[in-house]
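*Asks:* just the structure for this:
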Amino acid sequence: MAETLLWVLPLVPTATALLMLTTRDRRILSALDIGGSTVLLALTLVLVRGVASGGPRTFGVFRVDDLGLVFLLLLVVCTLAVSIYTVGWLKQAVAVGNMKGESLRSYFVLVHAFVATMVVTVLADNLGVLWIAMEGTTITSAVLIGYHGHHHGLEAAWKYIIVTTIGISFGLFGTVLIYAAAADVHAGAGAMSWSAIMAVAPRLDPGIVRIGFIFVMVGYGTKAGLAPMHLWLPDAHSQAPTPVSALLSGVLIKCALLGIIRFQTIASAACGSKFPAEVLLVFGLTSIVVATPFILAQHDLKRLLGYHSVEHVGIVALGLGFGGPVGTYGALLHVMNHGITKALAFFAAGTAIARYGSRDMRIIRGLLAVAPVGATLLMFAALSLAGVPPFSIFVSELLVLRAGIGQGHFVAIAIFLAMVVIIFAGLLHHAGAMAFGQPAATAGREAEAPSPLLGMLLLAAIMLLLGLTIPASFDGLLRRATEVIVG
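*Replies:* Have a look, this model is predicted:
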């Protein structure tokens, strides 16, 4: 049963997209959207139970283990939240002319095609299929980034295509090098299988693997938004429709991180853990340092959230670089925490932008008086992104810090703490200025729509839960996923 689900899961969003081609009615499209996302979540939970009881499952080029399940759970939860949020968001977007009613079908089809490519990315055992699926996410998401059709959106979409395609080409070259090293000791198609390569990884040529891992870090790091390859990310996140921004920041860049982790495990087994750890530390610290001044000086709300993605992807890389059970566990927990929190932040930002008709934070003032629930959730998301307890990101950042101190990386910890304190002050300034004060006369004051609020409340509940206590079942999953990485 579990093995069959590996092929069924990518087919669910694909079938949903094909069904959407049969209608133009917005209500039917929304029902199919929520229905497809719900089925995807339900099947994933069945797969979680199967892997927990019977171990990793393989079916052809697909394989799922506890590490993949962490990313798959994030994907399906965010997808369902996006589907719920989209119902009310789309109604408002059509009313003000941001979305055209006659083109809604193509929008929904593209979203589910995007989800399908991310599902394949997470489930891929074959490194070639992993690369193809990652490139597939570029094709589907690029159209969505420029979906509004205005000048800035099209410019962001082309920038995204050019930068990530060049970057992922480096990833392809790194994949070829790892395959060449594996082919010397494992003849046949298994030389492209991650699980088969891991079985012979200690026998791989360490020189080739080192070069291959560096290329992979540049290639998949570009898609993950690691600095200095992050140039596409703030533009893409700011110009995409709000639900797409949530998927880009909450899920897509995490899929690229999963690709990096797969190659990190190979490099650690072939070269020792020190080399990939040092590479991850360099990229992680660079991302955090580069993001800090842009966060402070930013006026565009969605670009601000985009630069926060650069920062938090750097924190994940830092946790993986510190390594050990604590650092790796913290990095995986941060993947989930940031994905949920950032999707919530984009949802709340979408509410503010709709009320004020602008992404300029200097215009968005007095949001608590205009949309009290949305403003409260925006503040919650901002506090979590700033690492304030009892929100979820505080816990994972604390684990990363603990791992760094335990491993003796005091210089890296000092830089990390300095940047986090500066970002904390800047983010609270931005969020407080938007929430409080006197709202402009032009701010929309209609009642808050239930659908967007339901999507936001779902993510907010998960964010608070993971900040207060980690459920035993999820803690066990994270521990087993940590063992996959550290051995």
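*Asks:* so after the host helix or strand of residue 254, what's the next helix or strand?
*Replies:* When secondary structure is defined using DSSP states H and E, the element that contains residue 254 is helix 253-271. Sequence order places helix 274-297 as the next helix or strand after helix 253-271, per DSSP H and E.
*Asks:* show me what that following helix is packed against.
*Replies:* Applying 3 or more CB pairs under 8 Å, 6 or more residues apart in numbering; DSSP states H and E, one finds that helix 274-297 makes contact with helix 206-224, helix 253-271, helix 301-322, helix 410-435. Where you see a C-beta, it was placed from the backbone N, CA and C, and this is true even at glycine.
*Asks:* return the most buried member of those helices.
*Replies:* Most buried of the helices and strands packed on helix 274-297 by mean neighbour count (mean count of other CB atoms under 10 Å) is helix 301-322; its value is a mean of 27.
*Asks:* for whichever helix or strand comes after that helix, what is the distance to the chain centroid?
*Replies:* The first helix or strand that comes after helix 301-322 along the chain, using DSSP H and E, is helix 324-356. Counting by CA atoms, centre = their mean, to the nearest Å, helix 324-356 is centred 8 Å from the centre of its parent chain.
*Asks:* next: stretch 165-174.
*Replies:* 20 Å.
*Asks:* shaky segments in the stretch 51-200 of the chain?
*Replies:* Within the stretch 51-200 of the chain, the ranges that satisfy pLDDT under 70 run 187-189.
*Asks:* can we see that at 90?
*Replies:* Per-residue confidence of the stretch 51-200 of the chain (counting by pLDDT under 90) places the weak regions at 52-55, 59-60, 88-104, 146-154, 168, 183-192.
*Asks:* same check on the stretch 301-450 of the chain?
*Replies:* Within the stretch 301-450 of the chain, the stretches falling below the threshold (pLDDT under 90) are 351-360, 362-372, 374, 428-429, 431-433, 435-450.
*Asks:* distance check, the closest residue to residue 358 other than its chain neighbours against residue 370.
*Replies:* Nearest in space to residue 358, with sequence neighbours left out and distances taken as CB to CB, 6 or more residues apart in numbering, is residue 364 at 6.9 Å. Going from residue 364 to residue 370 by CB to CB, to the nearest Å gives 9 Å.
*Asks:* next one: residue 226
*Replies:* From residue 226 to residue 370 the distance is 36 Å (CB to CB).
*Asks:* more crowded one of those two?
*Replies:* When neighbours are counted by other CB atoms under 10 Å, residue 226 and residue 370 differ, and residue 226 comes out ahead with 30 against 21.
*Asks:* where does the more buried one land in three-state SS?
*Replies:* Secondary structure for residue 226, judged by DSSP: H, G, I helix; E, B strand; the rest coil, is coil.
*Asks:* for residue 58, same thing?
*Replies:* Secondary structure for residue 58, judged by three-state DSSP, is strand.
*Asks:* and for the nearest residue to it once chain neighbours are set aside, the neighbour number?
*Replies:* Nearest in space to residue 58, with sequence neighbours left out and distances taken as CB to CB, 6+ apart, is residue 125 at 6.5 Å. The local packing count at residue 125 equals 24, with neighbours defined by other CB under 10 Å.
*Asks:* you'd agree residue 125 is up against residue 61?
*Replies:* Yes. If you go by CB atoms under 8 Å, residue 125 and residue 61 touch, sitting 5.9 Å apart.
*Asks:* re earlier: thought the residue nearest to residue 358 was touching residue 435?
*Replies:* No. Counting by CB under 8 Å, no contact exists between residue 364 and residue 435, whose distance comes to 9.1 Å.
*Asks:* that older thread, quick check: phi and psi on the residue nearest to residue 358?
*Replies:* Backbone torsions of residue 364, given as degrees, to the nearest 10, read phi -80, psi 100.
*Asks:* what distance do you get for the residue lying closest to residue 354 once chain neighbours are set aside to residue 142?
*Replies:* Excluding its sequence neighbours, the residue lying closest to residue 354 (CB to CB, 6+ apart) is residue 92, at 5.5 Å. The spacing between residue 92 and residue 142, counted by CB to CB, is 25 Å.
*Asks:* quick one, which of the two is more surrounded?
*Replies:* For residue 92 and residue 142, the more surrounded residue by other CB under 10 Å is residue 142, and the numbers stand at 24 against 19.
*Asks:* ok, the residue lying closest to residue 39 once chain neighbours are set aside - contacts?
*Replies:* Excluding the flanking residues, the one nearest residue 39 by CB to CB, 6+ apart is residue 12, at 5.5 Å. Applying CB atoms under 8 Å, 6 or more residues apart in numbering to residue 12 gives the contacts 36, 39-40, 43.
*Asks:* SS state for residue 12?
*Replies:* Secondary structure for residue 12, judged by three-state DSSP, is helix.
*Asks:* how much space between it and residue 337?
*Replies:* Relative to residue 337, residue 12 is positioned 26 Å away (criterion: CB to CB).
*Asks:* can you check residue 173 too?
*Replies:* Relative to residue 337, residue 173 is positioned 33 Å away (CB to CB).
*Asks:* the two: who's more crowded?
*Replies:* residue 337 (28 against 16).
*Asks:* now do the contacts for residue 256.
*Replies:* With CB under 8 Å, 6+ apart as the criterion, the residues that contact residue 256 are 134, 220-221, 223-225.
*Asks:* hmm, back to that, next up, the contacts around the residue nearest to residue 58.
*Replies:* Residue 125 is in contact with 58, 61-63, 193-195, counting by CB under 8 Å, 6+ apart.
*Asks:* may I see those arranged in TSV, with secondary structure, distance to residue 152 and neighbour count as well?
*Replies:* As requested, the contacts of residue 125 are exported to TSV (DSSP: H, G, I helix; E, B strand; the rest coil; distance: CB to CB, whole Å; neighbours: other CB atoms under 10 Å):
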residue	secondary structure	distance to residue 152	neighbour count
58	strand	44	15
61	coil	39	19
62	strand	38	22
63	strand	40	19
193	strand	42	22
194	helix	39	21
195	helix	44	13
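*Asks:* just give me the closest of those to residue 209.
*Replies:* residue 194 (13.5 Å; CB to CB).
*Asks:* residue 456 and residue 349 touch, don't they?
*Replies:* No. Counting by CB under 8 Å, residue 456 stays clear of residue 349, with 10.7 Å between them.
*Asks:* more crowded one of the two?
*Replies:* residue 456 (29 against 26).
*Asks:* now that one: which helix or strand?
*Replies:* Under the criterion DSSP H and E, the helix or strand holding residue 456 is helix 450-468.
*Asks:* show me what that helix is packed up against.
*Replies:* Contact here means 3+ CB pairs under 8 Å, 6+ apart; on that basis helix 450-468 packs against helix 66-96, helix 324-356, helix 372-385, helix 392-406.
*Asks:* neighbouring contacts of whichever helix or strand comes after that helix?
*Replies:* Per DSSP H and E, the first helix or strand lying C-terminal to helix 450-468 is helix 472-486. Residues outside helix 472-486 that contact it (CB under 8 Å, 6+ apart): 48, 52, 65-67, 69-70, 73, 261, 264-265, 320, 323-325, 328-329, 332-333, 470.
*Asks:* ChimeraX command to pick out the buried ones of the residues you listed?
*Replies:* Only the buried entries of the contacts of helix 472-486 go into this ChimeraX selection, using 16 or more other CB atoms under 10 Å:
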select :48,65,66,67,69,70,73,261,264,265,320,323,324,328,329,332,333,470
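*Asks:* among the helices and strands packed on helix 450-468, which is the most enclosed?
*Replies:* Burial among these, expressed as mean neighbours by mean count of other CB under 10 Å, is greatest for helix 324-356, which shows a mean of 26.
*Asks:* and it with helix 301-322, angle?
*Replies:* 180 degrees (axes from the mean of the first three to the mean of the last three CA atoms, to 10 degrees).
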